[in-house]
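Student: predicted coordinates and the sequence they were generated for:
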Amino acid sequence: MDIRWQLSPFYELGPAELYQLLRLRSEVFVVEQQCVFLDMDNYDQQCWHLLGWQGHLLAASVRLVPAGLIYDEVSIGRVVTSPLARRNGIGKLLMHEAIRCAGELFGHNDIRIGAQQYLTRFYESFGFSATGDTYMEDGIPHVKMLRQGR
């Protein structure tokens, strides 16, 4: 699979890139998952964004969050893959690249995520472990997970 990875702080995203990023997140989190929530939460501006491009298609993206902004630990959030690019391992590639980039940006420290509960086993395959009970966020069951720094 030919993916071109782009790692950018928010202020370096161009208008077209930002539009594609917000459109993809809306397509998946709001429309596909039928979850009405305010995706633009005023954290994006303080984060790094990893974008995975297949040609002109934004196929995948995550938000890399510095420690102390959302959690005490570094965080990977807004993990999303395009419906047009799924079923070929892009989610796994995205998480491998996100963990690698988080280590480069913030050091190889602990990483905390708020995972949708049905994806627990997926995240466990990357070394994350559940650290609490299931909770509801925007009508979807979630669980906090932690990956120990290496």
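Tutor: Looks like it came in fine.

Student: list of residues touching the worst-scoring helix or strand of the chain on mean pLDDT?
Tutor: Lowest on mean pLDDT, DSSP states H and E among the helices and strands of the chain sits strand 135-137, with a mean of 90. Here strand 135-137 makes contact (Cβ atoms under 8 Å, 6 or more residues apart in numbering) with 114, 141-144. Any C-beta I mention is one placed from the backbone N, CA and C, and that applies to glycine too.

Student: pick out the lowest-pLDDT one from these.
Tutor: Among these, Pro141 carries the weakest pLDDT, at 91.

Student: in space, what's closest to it - neighbours in sequence excluded?
Tutor: Distances taken as Cβ to Cβ, 6 or more residues apart in numbering place Gln117 nearest to Pro141, at 4.0 Å, with adjacent residues excluded.

Student: how much space between that neighbour and Phe126?
Tutor: Separation of Gln117 from Phe126 (Cβ to Cβ, to the nearest Å): 16 Å.

Student: repeat that for Gly114.
Tutor: According to Cβ to Cβ, Gly114 stands 15 Å off from Phe126.

Student: same question for Ala60.
Tutor: 15 Å.

Student: where does the chain have low pLDDT?
Tutor: Low-confidence segments of the chain, defined by pLDDT under 70: 1.

Student: all helices for it, in order.
Tutor: Taking DSSP state H as the test, the helices found in the chain are 15-25, 90-106, 120-124.

Student: sorry, back to before: okay, Gln117 and Phe126: which has more neighbours?
Tutor: Remark: of Gln117 and Phe126, Phe126 carries more neighbours, 16 against 13, as counted by other Cβ atoms under 10 Å.
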